[in-house]
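model the structure of this input:
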Amino acid sequence: MKNYTFIIPALCGLLLAGCDKEVDIQTKDYPYVLLKEVNVVNGEGITATAEILRIGNDSIKEYGFVWNSSGKPVIGDYRFSITGEPEPGIFSGDIKNCIDSGVVYEIRPYVISHKYTVYGNVLKFTGGGNLPPVLNDFNPKSGKVGSLVVIEGDNFNSNPEKNIVRFGKVRARAIQATTTQLTVEVPYMLEDAIISVETTFRKYMIGKIFKIINPWQKITAPFSDGVFSQAPYFFSVGGKGYFFNDELCWEYDQESSKWTKKSAFPGAKRWNALAFSINNKGYFGLGNDMGQGYHDFWEYDPATNNWLRLSDYPGNGVNYAKGFSINNDGFVGFGNNIPEFWKYKQDTKEWTELSCVTGSGLTFYFGIAAGNKAYIGCGLDQIDIYEYDPPSETWTIKGIYPGNGKNNLCGFSINNKVYIGLGWSQETWYQDFWEYTPEDNSWIQLTDCPITTAYGYSTDHFGYIIICCPVIYQFDPSKN
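Numbering: from 1, shown residues only. Below is the predicted model:
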């Protein structure tokens, strides 16, 4: 239903002047409201008094006062609201917030019915200061990004936008407000934080910590900034992660959060290589550097802390190739946008060429194994997702990726589900992150990732993403 707005200064002027002319206020169906007086209480705000002269033929759902320092205050300015259906007569408001000392304000009463918004006459006053907001409690004490928290206290502004609420240093959006209660949306944050509320240069912090439930948590790494400036790679073996390049290698134990330095990769420095694990060993190879393509393929044994060069990759595409493992075999292909696909058998250390998905413009940007199958997809020219079944060597299109980014995606698998996101499309970088369940071919959008581009790997229960800085984030799917 459309809401009509009326301003009735002429009527108010007649009433204030005590004019003998009769004004029939009973013939209209919209409310009439008149501001009577404003009393300034130094350091504690003001008391405003108004009178509803007529209810009208439409029930009132909210009334009160609006004010600002720029003139002609409206509902979007500072507001003191009272809900419910009033009777004709006097009402007042003790306004204790958003009134700065020495500032000249204009204030007027308002009434909102289902059909009308009516403003009364305007009076000016010079502020004498106000009381700070008071925070008594909030509930719930923990929550996820985007969930709602109700803050109990006093001296809030009835306009949600005029209350500056922060969780630590991160500003939250207030969506409902009264003078004693705020409802806010938990902002994107990674760490627990103290809640604060600010109104017109007066701030109050509650001495209780809100615990954030965010699937992304930053992991502290022992290596210095810039060590992985030449591209980090990683695989997981036995529940431990291995971060490495040609300069060093670190083992991360997720159970103890302990880092242990290991033997660095002995091969040449490179970009756009691949890494995966089979059983209790890690595998790494391919890539390029300054136009030099690499076909070498290596095995890392955590038990002996040794790297062993194996037979070279026999395919042609080595730049941005995708690699993953299913059961006891490794699978590599799609480098340089070439439609080729090879299997590496761990027991015989032999390569075998397999059938490959074909089509024009295929530029795959991820390849992830989940369960006993693999999933590849996305790229410059397409957003399709393909499923590979090793026993039958068949490729089946499963639909399209629903996320925003199409290039430089990051992902991993946990408990037979695929997690993927980030990346860019049409010169815009994105942070959205998604869960794909192969069993029913469904997608669910999860909490955004803290960054827009990264490399990813997973252990049995957690995922990890890393950028070159290096910055590492752990992903816990149970907290989504």
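
pLDDT weak spots in the stretch 201-350 of the chain?
201, 223-231 (pLDDT under 70).

rerun that using 80 as the cut-off
Low-confidence segments of the stretch 201-350 of the chain (pLDDT under 80): 201-203, 205-207, 221-232, 246-247.

hang on, Gly335 packs against Gly323?
No - using C-beta atoms under 8 Å, Gly335 makes no contact with Gly323, being 9.5 Å away. All C-beta spots, glycine's among them, are computed from the backbone N, C-alpha and C.

find residues that contact each of these two.
Taking C-beta atoms under 8 Å, 6 or more residues apart in numbering as the contact rule, Gly335 and Gly323 both touch Leu286.

now do the buried residues in stretch 387-399.
387-388, 390, 395, 398 (16 or more other C-beta atoms under 10 Å).

identify the residue nearest Pro314 in space, chain neighbours excluded?
Distances taken as C-beta to C-beta, 6 or more residues apart in numbering place Trp351 nearest to Pro314, at 5.1 Å, with adjacent residues excluded.

for Ser413, list each beta-bridge partner.
In this entry, Ser413 is beta-bridged to Val418, by DSSP bridges.

quick one: pLDDT of it?
Per-residue pLDDT puts Ser413 at 96.

surely it and Ser458 touch.
Yes - Ser413 is within contact range of Ser458, at 6.0 Å (criterion: C-beta under 8 Å).

looking at this structure, which strand is longest?
The longest strand of the chain (DSSP state E) is strand 202-213.

what's the helix or strand just after that strand in contact with?
Counting by DSSP states H and E, the next helix or strand C-terminal to strand 202-213 is strand 216-219. Among residues not part of strand 216-219, those counted as contacts by C-beta under 8 Å, 6+ apart are 190, 252, 257, 447, 449-450, 464, 471-476.

and those residues, which are buried?
Buried members of those, scored by 16+ other C-beta under 10 Å, are 252, 447, 449-450, 464, 471-475.

and the residues you listed as a markdown table, adding secondary structure and distance to Ile195?
Listed next are the buried ones among the contacts of strand 216-219 as a markdown table, based on DSSP: H, G, I helix; E, B strand; the rest coil; distance: C-beta to C-beta, whole Å:
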| residue | secondary structure | distance to Ile195 |
| --- | --- | --- |
| Tyr252 | strand | 33 |
| Thr447 | coil | 20 |
| Cys449 | coil | 25 |
| Pro450 | coil | 21 |
| Tyr464 | strand | 30 |
| Val471 | strand | 27 |
| Ile472 | strand | 28 |
| Tyr473 | strand | 24 |
| Gln474 | strand | 25 |
| Phe475 | strand | 26 |
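
which of these lies closest to Asn139?
Thr447 (21.5 Å; C-beta to C-beta).

sec struct for the closest residue to Ile75 other than its chain neighbours, please.
Once flanking residues are discounted, Ile75 sits nearest to Val66: 6.2 Å by C-beta to C-beta, 6+ apart. Val66 falls in the strand class when you classify it by DSSP: H, G, I helix; E, B strand; the rest coil.

what's the distance between Val66 and Arg202?
In this view, Val66 and Arg202 are 20 Å apart by C-beta to C-beta, to the nearest Å.

neighbour count: these two, which is higher?
The residue with more neighbours, out of Val66 and Arg202, is Val66; 24 against 18, by other C-beta atoms under 10 Å.

my guess is that one contacts Pro73. True?
Yes - the criterion here is C-beta under 8 Å, and Val66 meets it with Pro73 at 4.2 Å.

overlap of the contact sets of these two?
107-108.

got the contact list for Tyr473?
Residues near Tyr473 by C-beta under 8 Å, 6+ apart: 216-219, 449-451, 454, 464-466.

check which helix or strand covers Val318.
Using DSSP H and E, Val318 is not contained in any helix or strand.

Val357 - how many residues pack around it?
If you count neighbours by other C-beta under 10 Å, Val357 ends up with 20.

give me the nearest residue to it, chain neighbours excluded.
Nearest residue to Val357, sequence neighbours excluded (C-beta to C-beta, 6+ apart): Trp395, at 4.1 Å.

same thing with Asn163?
Of all residues not flanking Asn163 in the chain, Ala174 sits nearest, at 5.0 Å (C-beta to C-beta, 6+ apart).

who wins on neighbours among the contacts of Tyr473?
Result: Ile465 is most packed of these (other C-beta under 10 Å), 28 neighbours.

domains of this structure?
Using automatic domain parsing, the domain ranges for the chain come out as 4-126, 134-213, 216-479.

ok so, going back, may I see the contacts of strand 216-219 arranged in CSV, with distance to Gly293 as well?
What follows is the contacts of strand 216-219, written out as CSV (distance: C-beta to C-beta, whole Å):
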residue, distance to Gly293
Leu190, 39
Tyr252, 30
Ser257, 38
Thr447, 38
Cys449, 31
Pro450, 33
Tyr464, 28
Val471, 29
Ile472, 29
Tyr473, 31
Gln474, 33
Phe475, 32
Asp476, 38
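
distance to Tyr283 added to the contacts of Tyr473, as TSV?
Below are those laid out as TSV (distance: C-beta to C-beta, whole Å):
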residue	distance to Tyr283
Trp216	28
Gln217	28
Lys218	28
Ile219	24
Cys449	26
Pro450	29
Ile451	26
Ala454	21
Tyr464	18
Ile465	20
Ile466	18
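
between those residues, which is nearest Ser263?
Checking those one by one against Ser263 (C-beta to C-beta), the nearest turns out to be Ile466, at 19.4 Å.

helix or strand: which one has the closest one?
For Ile466, the host element (DSSP H and E) is strand 463-467.

what's that strand packed up against?
With contacts defined as 3 or more C-beta pairs under 8 Å, 6 or more residues apart in numbering; DSSP states H and E, strand 463-467 has these neighbours: strand 410-414, strand 455-458, strand 471-475.

count of residues packed around Gly43?
Using other C-beta under 10 Å, Gly43 is surrounded by 12 other residues.

what sits closest to it if chain neighbours are left out?
Gly129 is the one closest to Gly43 (C-beta to C-beta, 6+ apart), at 4.5 Å.

next one: the one you found from Val41, what distance?
Distance of Gly129 to Val41, given as C-beta to C-beta: 9 Å.

that older thread, ok, the residue nearest to Gly43 touching Ile46?
No - at 10.2 Å, Gly129 does not count as touching Ile46 under the criterion of C-beta under 8 Å.

tell me which of the two has more neighbours.
Just comparing Gly129 and Ile46: by other C-beta under 10 Å the higher neighbour count belongs to Ile46, 23 against 19.

identify the bridge partners of the more buried one.
Per DSSP bridges, residues listed as beta-bridge partners of Ile46: Val40, Ile95.

that one contacts Leu35, doesn't it?
No - applying C-beta under 8 Å, one finds Ile46 not in contact with Leu35, separated by 11.9 Å.

give me the common contacts of the two.
By C-beta under 8 Å, 6+ apart, Ile46 and Leu35 have these common neighbours: Ile107.

for Asp253, list each beta-bridge partner.
Counting by DSSP bridges, Asp253 forms beta bridges with Lys240, Lys258.

can you give me the helices for the chain?
Per DSSP state H, the chain carries helices over the ranges 9-17.

ok, now which ones touch the closest residue to Gly168 other than its chain neighbours?
Distances taken as C-beta to C-beta, 6+ apart put Ala193 closest to Gly168, at 3.2 Å, once the chain neighbours are dropped. Contact analysis of Ala193 by C-beta under 8 Å, 6+ apart lists 166-170, 209-210, 212.
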